[in-house]
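# Provided below are the primary sequence and the corresponding predicted coordinates.
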Amino acid sequence: MKKRDERGSDPLASDAPSGPVRVLLVADEPTVGDRAAAAIEGHADRFAVTRVDDAAEGLDALETEPIDCVVSGHDFPETDGVEFLRAVRDLDADLPFVLFTARGSEAVASEAIAAGVDEYLPVTGDDSYAALASRVECAASRSLAERRVTEHLDRMTDAFCGIDESWRLTYLNGQATELLDRDAADLLGERVWELFPSLRGTELESRLRDAIETGERTAFEYRFDALGRDFSIDAYPSETGISVYFRDVTEERARERELRELSERFRLAVEGADVGVWDWDLTTDEVQFDERWARMLGYEQSEIAFELSEWERRVHPDDLDDVWAALEAHFAGETEYYQCDHRMETKDGDWAWIRDRGRVVERDDEGDPLRAVGIHIDVTEEKERERDLARYRRLVDELPNSVAMYDGEGRFSVVNDRITEVYDASREELVGRRSPLLRRLRDAHGDGPYAALVAGDRETLSGTVELDLPERSDAIVDFALRRLVIDGEFDGVLGIARDVTEERRRQRELERTSARLEALYEDSPDMIDIHDEGGEIVDANPVMAAELGYDREEIVGMNVWDIDTELDPTEGIELWQHLEMGETRRLETTFRRADDTTFPVEVQVRRVDVQGDDRFLASSRDISERKAYERRIERENERLDEFASIVSHDLRNPLNVLSGYLRLARETGEESYFDRCESALDEMERLIEDVLTLARQGDAVRSVAPVSLDELATRYANDAFGPIEGDGGDEAEGAEGGSATVVVETERDVLGDPGRLERLLQNLFRNAAEHGGDRVVVGDLPGGFYVEDDGPGIPADRRDEVFESGTTTSASGTGLGLAIVARIAEAHGWEVTLTEGEAGGARFEFTGVERP
């Protein structure tokens, strides 16, 4: 009789598309468009052409109509075919596009290919139109086929992903994104090993790489701990990468793990007396089935015809070929008996496992079989137990832990694969050998604990021991032992052990490291805070709380920019996002305390991983003293520059005068020239004295005491423009040789350095004399005082520069007097401003002056 040959079909294979293929034709010449449309529609009935006259109408049609392929010319009034191609690509990057034109060139072809054209076809003759129709059919069919593949993959119940030769994800169907719990946009184009670094070095990586290398399909199951799921995986390599189908079998594996433990060791069902008998006449294909045979499948004997087809049509299709192969091998004399386990359909539609046995009992003279008899035995339960046992055996062998059964003497009776690896021995070598773990347990605690398990005085025993194993001499092992009873009898002790050496060492090292880090964090002299990528502070050390004037609990929950006055939230978040893991960025900024005062800080922020979350560790230090020092250094440098300028420039003028008049005196003997030389020397001494004053008295105040402005100014009222201590002269004249009257209109005292304040008044009086003032007034201001003269004054556009060294409008001035005034005021913490007096002269106002 014939055997059936059933084959599945490819779900991706199909005939030509059933719907019309919609072609958009945008011709640059009417004649070309007419012939192209006729050729395309005449090529196949399923082509439908939509004609438009220019590129703009073509784009409108693409947005309003479903189009499967675009055919375009090149020369249009407002644009060209390549620009139209780019516009189409912006709308649909995958839509087939054919450039068909009589006005093309190699340059046009090159530009079109660069822009992503699918086909470029110049119009060279009548044959061009038939070629166009063929290329349109090819491009459109390819596009539709790709869409059908995509639709098929999206309809699949299994998850599917495509991976290219660089291990980048190129496709994910909906089931895949759902199982991975990630957006496809976050995954596509990325390398698998970078998206899921925990997969490196695993069986999954090894199996996939082997499949790529050998080109052969691979199928396996894998536990993806990052998702907490078990997957059944089928991978099919190709020249361009690998296609991976995977299915979530977590619940199935969980149910399997809930079955009885392996140690119960399912016993095979004993073959019972309920045996069905068959008797087959091979010459007529008549088969006699007894009552028990029929009842085994749920039928009455009267419901079964004595025909071979009654048996054959009930055999499972997947088993039928194997059954016939076993029968024919026995008929050919290759086996002494026919025996085969297969499935048969019962009356209820279920499948029962049947152990089918028989033999030929009669042959003709040529040895061909004439009659065979045999029996059916229902082994469904046995097969189920075998499957369960095989699952458990596989499950136990695949466990990463060592699993064994021990007898009452502590010897191995059953071991899994992991134990053979741990002890570097085969199953046969281990079974019957005393367990090193139990021997170590006896050495530490005697025979009592294990003996209690065997005797039933306790049910479990667990702990940690150190073992000398072949793979490591100082292994630390966690173990758990359980007394196992089957059918009311002691069957042995089930033991599970796990090597925790590295785990315990890492734990101890982590504890030590954590203690050190905690001490560093809590006791650091710097301010330390940890914030998330949104800028929210999640922790801060005590120093930060103390420096900012907050409780530690108040800082937690604040945003970084609540403290950092210079940080813009958007710029801060962008800065943190661009930091690589472990990268540190240094910056200087300003912090605001709880009392609203501010101070400069140096911040070093570092991106760190805190239990899988991105965090940013910021260490900040108060740099107020450093900034003050930098400002002092800057002022000193500026002063050195001033001194250098004065020495190199201002002293050169009187030296030149002295040199010139000395030469004239030698040549002429005229004594008046020596007077001129003496004047030059006086000017140099005066300039040097002012430079020294600026250097020695400008920045510091020796001691502060109450000073009476009335007494200090009145002291020089009669000789306001007389000699000043240290000037080196007997008399100082005004710029035009005049004199002035000093008027004191204040009786208040101020806190200041008497010597510096004296110098300040002297310089202001001298400034009035040098510029021709007749009257100087010293008066009160709210929070200060003023000195005002009636001279020509100083133009508004020059008032800011008069306090700079070397600035003067007087022929006899050094340009340092008002610079000294500004320095003395600054040293006292006062602010000095120059305005116009009531009489049009200069008015110097000093504010921020403290009163005693």
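Okay, I see it. Numbers count the residues shown, from 1 in each chain.
# Only C-alpha atoms from now on, for both contacts and neighbour counts.
Fine.
# Tell me where the stretch 701-850 of the chain has helices.
709-714, 754-770, 817-828 (DSSP state H, counting those that start in this stretch).
# next one: the stretch 251-400 of the chain
Using DSSP H, counting those that start in this stretch, helices in the stretch 251-400 of the chain cover 291-296, 308-312, 317-331, 380-398.
# Residue 483 against residue 493, yeah?
Yes. With contact defined as CA atoms under 8 Å, residue 483 reaches residue 493; the gap is 4.7 Å.
# Kindly point out which residues are neighbours of both of the two.
453, 454 (CA atoms under 8 Å, 6 or more residues apart in numbering).
# the more surrounded of those two?
residue 493 (26 against 23; other CA atoms under 10 Å).
# Next, work out how far apart that one and residue 406 are.
Per CA to CA, to the nearest Å, residue 493 is found 5 Å from residue 406.
# And residue 539, how close does it get to residue 594?
Per CA to CA, residue 539 is found 17 Å from residue 594.
# Of the helices of the stretch 701-850 of the chain, which is nearest residue 334?
helix 817-828 (118.3 Å; CA to CA).
# Could the C-alpha coordinates of that closest one be exported in PDB?
Coordinates of each C-alpha in helix 817-828 appear next as PDB, following Å, rounded to 0.1, in the frame of the first residue of the first chain:
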ATOM      1  CA  GLY A 817      47.700 112.200  42.500                       C
ATOM      2  CA  LEU A 818      44.100 111.100  41.700                       C
ATOM      3  CA  ALA A 819      45.200 107.500  41.300                       C
ATOM      4  CA  ILE A 820      46.500 107.600  44.900                       C
ATOM      5  CA  VAL A 821      43.200 109.100  46.000                       C
ATOM      6  CA  ALA A 822      41.300 106.200  44.400                       C
ATOM      7  CA  ARG A 823      43.600 103.600  46.000                       C
ATOM      8  CA  ILE A 824      43.300 105.100  49.400                       C
ATOM      9  CA  ALA A 825      39.500 105.200  49.100                       C
ATOM     10  CA  GLU A 826      39.500 101.600  47.900                       C
ATOM     11  CA  ALA A 827      41.700 100.500  50.800                       C
ATOM     12  CA  HIS A 828      39.100 101.900  53.200                       C
END
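# And the next helix or strand past the host helix or strand of residue 508?
Assigned by DSSP states H and E, residue 508 belongs to helix 501-523. Next along the chain after helix 501-523, taking DSSP H and E as the criterion, comes strand 527-531.
# After that following strand, which helix or strand is next?
strand 537-540.
# Buried residues, the next helix or strand after that following strand. List them.
The C-terminal neighbour of strand 537-540 among helices and strands, as given by DSSP H and E, is helix 542-548. Residues of helix 542-548 classed as buried by neighbour count (16 or more other CA atoms under 10 Å): 542, 543, 544, 545, 547, 548.
# check contacts around the third one.
Neighbouring residues of residue 544 by CA under 8 Å, 6+ apart: 526, 527, 528, 529.
# do that again at 6 Å, thanks
residue 527 (CA atoms under 6 Å, 6 or more residues apart in numbering).
# same deal with residue 818?
The contact partners of residue 818, taken as CA under 6 Å, 6+ apart, are residue 803.
# what's the distance between it and residue 759?
11 Å.
# same check, this time on residue 529
52 Å.
# Kindly report the same for residue 385.
Distance from residue 385 to residue 759, by CA to CA: 112 Å.
# quick one: which of the helices of the stretch 701-850 of the chain is nearest residue 852?
helix 709-714 (12.5 Å).
# Which neighbours in the sheet does the helix or strand hosting residue 476 have, and how are they oriented?
For residue 476, the host element (DSSP H and E) is strand 472-486. Note on strand 472-486: by DSSP bridges, its sheet partners are strand 460-469 (antiparallel), strand 489-499 (antiparallel).
# helix/strand/coil for residue 625?
Here residue 625 is helix, with the state taken from DSSP: H, G, I helix; E, B strand; the rest coil.
# Neighbours of it, how many?
Using other CA under 10 Å, residue 625 has 10 other residues around it.
# what sits against residue 76?
residue 28.
# Try it again at 8 Å.
28, 54, 55.
# Good, wrapping up.
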